Structure formats: C-alpha cells, structure tokens
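[1] Sequence first, then the predicted structure:
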Amino acid sequence: MPKASEIKKNNTIVFDGKTCIVRDIERSVPQGRAGGSIYRMRMYDVVTGAKYDETFKDSDMLDMADLTRRPAMFSYIDGDEYVFMDKEDYTPYHLNKDSIENEALFINEETDGIQVLIVSEAPVALDLPMSVELEVVETDPSIKGASATSRTKPATLSTGLVVQVPEYISTGEWIKVNTEERKFQSRADKH
C-alpha cells in the first residue's frame with residue numbers, strides 16, 4: 001500500500017469502496033506545522049464518473065486499484081465516443097469524450113505512446129506520453145531573426161489546443177508539446 005505522497009496523476013486507488021482515478025494532485029505544506037505535506041486530490045469514480053475532492057496527509061496509506069495498462073492508438077470518433085485500438089490484440093476501447101476531454105486535445109491518428117487504463121475489464125482513462133507532436137494550424141506570421149529566447153505568441157494546433165510558442169514558429173510547422181504542462185517544448189523532428 002503506497003502512501004499518499006507516492007500517488008501520481010492517473011493512478012487508480014480504492015476510496016470508500018469505489019475505484020477512483022486521480023486526475024489532479026495539489027501539494028501544500030501548511031505553515032507552522034511540524035509534520036508533512038497535505039495532498040489534495042481530485043478523483044473520479046471510474047464507473048459513475050462522480051467527482052471527489054479529498055485531502056490526505058503524506059503518510060496516509062491508500063489502496064491501489066487493480067488496473068491494467070494496454071498500449072493503444074487512436075482509431076476514430078463515433079458520436080460521443082473516441083475509439084482506440086489495442087496495439088497487440090486489436091481490441092477496440094470506447095471512451096466517452098467527456099471523460100477524456102483534456103487528453104483529447106493531445107491526440108491525433110499519429111500519436112504514439114498512448115495507453116488505455118482498464119479497471120474491471122472496462123476502459124476508464126488514457127495515459128498520454130510525456131510529449132506529443134502536433135501541427136500548428138494558426139498563429140501570427142513568424143518574425144525573421146526572432147531569437148529563441150524572445151517573446152511568445154499563441155498558436156492553435158490541429159487538435160484545437162492553444163499553446164504559447166516562440167515568435168519564430170509559423171503556421172504549418174509541427175511542434176512537440178509537453179502533455180503534463182501543456183507547453184511548447186521544441187520543433188518536431190520528423191515532419
């Protein structure tokens with residue numbers, strides 16, 4: 001059983017007898033307290049989608065849920081569902097677009113490294129790679145001679161995600177985006 005301080009985003013834990021996926025963790029250190037950090041976790045029940053905001057001390061012991069990760073690739077959108085295909089046995093996984101709305105902004109047909117999280121044989125969430133490559137579809141014209149450390153400008157990517165990019169990036173270029181921080185990392189290599 002891990003401590004609350006060892007829990008990461010997208011881990012699944014058993015909370016109040018329900019299997020929940022941890023979507024967000026906020027760590028705070030109360031002033032003037034001899035003791036550890038406090039972890040505020042936003043969790044969602046994987047079955048009902050109910051949201052829980054709970055606070056744990058860093059030493060609180062939590063139960064990890066039985067979870068399987070399967071390598072998958074995005075296949076297509078079917079109404080309100082995104083369909084992913086298992087890369088090994090070609091099982092289709094259907095995920096409601098509302099349950100993956102944050103992750104969907106980083107996914108296209110070429111996104112590699114996606115894992116579908118499965119609890120009790122039901123797909124419940126996605127685990128994204130640290131960075132993805134996406135195309136810039138709209139941004140202000142690039143400025144010749146702009147240095148790499150200069151100002152940034154907003155850029156809309158092919159998935160609808162908007163990130164700040166350096167001034168030298170232009171429409172049509174492919175960039176790497178950090179999925180955790182939602183930030184520009186670098187130009188993409190392969191496009």
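    That came through, no problem.

[2] What segments of the protein are helices?
    101-104 (DSSP state H).

[3] got the contact list for the worst-scoring helix or strand of it on mean pLDDT?
    Ranking every helix and strand in the chain by mean pLDDT, DSSP states H and E puts strand 122-127 at the bottom, with a mean of 84. By C-beta atoms under 8 Å, 6 or more residues apart in numbering, the surrounding residues in contact with strand 122-127 are 10, 12, 21, 46-47, 69, 84, 93-95, 99-100, 103, 107, 114-118. Heads up, the C-betas are built off the backbone N, CA and C, glycines and all.

[4] List the buried residues for it?
    123-127 (16 or more other C-beta atoms under 10 Å).

[5] Run me through the strand neighbours of it, direction for each.
    Strand 122-127 sits in its sheet next to strand 114-119 (antiparallel), going by DSSP bridges.

[6] Just the C-alphas of the least confident helix or strand of the chain, formatted as PDB.
    Coordinates of each C-alpha in strand 122-127 appear next as PDB, following Å, rounded to 0.1, in the frame of the first residue of the first chain:
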ATOM      1  CA  ALA A 122     -13.700  -1.600 -18.600                       C
ATOM      2  CA  PRO A 123     -11.600   1.200 -20.300                       C
ATOM      3  CA  VAL A 124     -11.700   4.100 -18.000                       C
ATOM      4  CA  ALA A 125      -9.000   6.600 -18.900                       C
ATOM      5  CA  LEU A 126      -6.000   7.400 -21.100                       C
ATOM      6  CA  ASP A 127      -2.300   7.800 -20.100                       C
END
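
[7] distance of D98 from N11?
    Applying C-beta to C-beta, to the nearest Å, the value for D98 to N11 is 21 Å.

[8] ugh, wrong one, I meant F74
    23 Å.
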